[in-house]
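Asks: Quick one: sequence plus predicted model below, questions after.
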Amino acid sequence: MLVSGNGSHAVGRSGHTAAAEVSTSPRQFQRGIAGVRAMVDVGVEHGVPVLASLDGSGVDRNALADDTAHVRAWQELVVARNLVRATGDAPGLGLEVGSRIPLRMYSVWGFALLASPTLREAAAVGLRYLELTFAMVGIHLQEDRDEVRLVLDDALVPQPVRHFFVEREMANIRTILDTIVGRPFTPLRLDLRFPQPEEPAPYEAFADTPIAFGAPRNAIVTLAAALDQSLPQADRHTMQVCERECDLLLARRADTGFAARVRELLTQWPDGIPDMGVAAAELYVSTRTLHRRLAVEGTSYRRLVDEARHARAVEMLSTRGLGVDQIAARLGYADAATFIRAFRRWTGATPGAYRTGVPTRRF
């Protein structure tokens, strides 16, 4: 998850050249099972049953043993929420999980970093193919004079799991750096936005690194010169081969069209229908970008929500045996009457008539 790239310099208020900053966020729609497995394993050690961690995620427990299995970002988010809730958001929980995701679980992305000649080039590869990682927070690299900061932007992560994912990414980044550098990597310091916990024991993994709690950002800080150090398993040819494989992986995993990604998010959202701001955050774009990209494809968020409600209503009526009031509430309608009117518009029948088999009218 180390990321970098070419960026422009800006003049700050002091008149000096400000930090060059490059940022990105992974699309996160398909990812390996390792992130979920690590959460489930830690949960078991904390007394959380496997099925309790997986509740509502749609992840089959049998898939946990299959390294080729893939999950969606929303599924991983559900598992994280379950784990955090069940353990009372214990300090250091994310550190435990992040340290259990070894570089080998990143497949060809990990090999590309391992074969990079320098940390700077490894960082560039990390940015280019960040969508192949397990990252749930936004990540960007700021290089400013003698220091470099790997910043973890948690703004788009839901509040209940924000602390957890920051910890997880920091521990995982440390694990990745230790592996590609070939020895323990010691940062200058860690900056953490959340307050210092009463019990510091969970942070013993970073005992060799000063930690600034209550900082303005979450960041791993080190010397800028570290980016140009040679890596012990450098092999440029191997790195280039791995980059080509990463391109192929992205092409196979990519969804077709932005509207298709929104439709999938809406139809698989675990609880109700998210508003546009929440959906944009889940897709790692701004609300304005979400609106613009849907308009380019000839649709709108309102229209996709209507489609999703239609599909989910039909599914609930057909398979779940829920009452009209329950379905209306789950789909975010103010009352059953509003839902019934919408359902008649979609199908030409009331929910009750549809359930008993009256033919529907298609538009």
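Replies: Thanks, I have the structure now.
Asks: Let me see the ranges of the strands in the stretch 101-250 of the chain.
Replies: Under the criterion DSSP state E, counting those that start in this stretch, the stretch 101-250 of the chain contains strands at 138-144, 147-153, 189-192, 211-213, 218-223.
Asks: possible to save these as a markdown table with distance to residue 171, mean neighbour count and mean pLDDT?
Replies: Any C-beta I mention is one placed from the backbone N, CA and C, and that applies to glycine too. Formatted as a markdown table, those follow (distance: least, C-beta to C-beta, whole Å; neighbours: other C-beta atoms under 10 Å; pLDDT from 0 to 100):
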| stretch | distance to residue 171 | mean neighbour count | mean pLDDT |
| --- | --- | --- | --- |
| strand 138-144 | 14 | 21 | 87 |
| strand 147-153 | 11 | 22 | 93 |
| strand 189-192 | 11 | 20 | 93 |
| strand 211-213 | 13 | 15 | 91 |
| strand 218-223 | 11 | 21 | 94 |
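Asks: Go through these and name the closest to residue 296.
Replies: strand 138-144 (23.4 Å; C-beta to C-beta).
Asks: Given the closest one, what are its sheet partners and their directions?
Replies: Strand pairing for strand 138-144, using DSSP bridges, gives strand 20-24 (antiparallel), strand 147-153 (antiparallel).
Asks: For the strands of the stretch 101-250 of the chain, give me CSV that also has distance to residue 165.
Replies: Formatted as CSV, these follow (distance: least, C-beta to C-beta, whole Å):
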stretch, distance to residue 165
strand 138-144, 11
strand 147-153, 8
strand 189-192, 13
strand 211-213, 17
strand 218-223, 10
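Asks: quick one, which of the ones you listed is nearest to residue 72?
Replies: Smallest distance to residue 72 across those (C-beta to C-beta): 18.4 Å, for strand 138-144.
Asks: which residues of the stretch 1-150 of the chain score low on pLDDT?
Replies: 1-30 (pLDDT under 70).
Asks: residues of the longest helix along the chain that come out buried?
Replies: Determined from DSSP state H, the single longest helix within the chain is helix 159-181. By 16 or more other C-beta atoms under 10 Å, the buried positions in helix 159-181 come out as 161-177, 179-181.
Asks: just stretch 218-237 next, same as before
Replies: Buried residues in stretch 218-237 (16+ other C-beta under 10 Å): 218-222, 226-227, 231, 233-234.
Asks: Just the terminal-to-terminal distance for that stretch.
Replies: By C-alpha to C-alpha, to the nearest Å, the extent of stretch 218-237 from end to end equals 35 Å.
Asks: From the chain's centroid, how far away is it?
Replies: On the basis of C-alpha atoms, centre = their mean, to the nearest Å, stretch 218-237 sits 24 Å off its chain's mean C-alpha point.
Asks: residues making contact with that stretch?
Replies: Identification of contacts with stretch 218-237 by C-beta atoms under 8 Å, 6 or more residues apart in numbering yields 4, 114-120, 122-123, 137, 142-154, 166, 170, 173-174, 180-182, 187-193.
Asks: Residue 322 touches residue 316, doesn't it?
Replies: Yes - if you go by C-beta atoms under 8 Å, residue 322 and residue 316 touch, sitting 5.2 Å apart.
Asks: where do the contact lists of these two overlap?
Replies: Common neighbours of residue 322 and residue 316 (C-beta under 8 Å, 6+ apart) are residue 330.
Asks: So if I had to pick from these two, which one is more boxed in?
Replies: Neighbours were counted for residue 322 and for residue 316 using other C-beta atoms under 10 Å; residue 316 has more, 19 against 15.
Asks: residue boundaries of the helices in the stretch 201-350 of the chain?
Replies: 236-253, 258-268, 276-282, 287-296, 301-319, 324-330, 336-347 (DSSP state H, counting those that start in this stretch).
Asks: Give me the angle between the fifth one and helix 336-347.
Replies: For helix 301-319 against helix 336-347, the angle between stretch directions is 90 degrees (axes from the mean of the first three to the mean of the last three C-alpha atoms, to 10 degrees).
Asks: Show me which positions of helix 301-319 end up buried.
Replies: 301, 304-310, 312-314, 316-317.
Asks: do the last one as well
Replies: Of the residues in helix 336-347, those buried under the neighbour-count criterion (16+ other C-beta under 10 Å) are 336, 339-340, 342-343, 346-347.
Asks: so which of these would you say is closest to residue 43?
Replies: residue 339 (36.4 Å).
Asks: what residues are up against that closest one?
Replies: Shown in contact with residue 339 (C-beta under 8 Å, 6+ apart): 313, 324, 327-328, 331, 333, 351.
Asks: What's the separation between it and residue 113?
Replies: 50 Å (C-beta to C-beta, to the nearest Å).
Asks: With residue 242 instead?
Replies: 9 Å.
Asks: what is in contact with the two at once?
Replies: residue 125.
Asks: With neighbour numbers in mind, choose between these two.
Replies: residue 113 (26 against 23).
Asks: Surely that one and residue 177 touch.
Replies: No - in terms of C-beta under 8 Å, residue 113 does not count as a neighbour of residue 177; the distance is 9.5 Å.
Asks: okay, now residue 250: neighbour count?
Replies: So residue 250, with other C-beta under 10 Å, has 16 neighbours.
Asks: Touching, it and residue 133? I think so.
Replies: No - Residue 250 is beyond contact range of residue 133, at 11.7 Å (criterion: C-beta under 8 Å).
Asks: mind giving me the domain split of the protein?
Replies: Taking automatic domain parsing as the domain assignment, the ranges for the chain are 20-250, 258-355.
Asks: Could you double-check that residue 132 lies in contact with residue 249?
Replies: Yes - Residue 132 is within contact range of residue 249, at 6.0 Å (criterion: C-beta under 8 Å).
Asks: Please identify every residue contacting each of the two.
Replies: With C-beta under 8 Å, 6+ apart, residue 132 and residue 249 have common neighbours 107-109.
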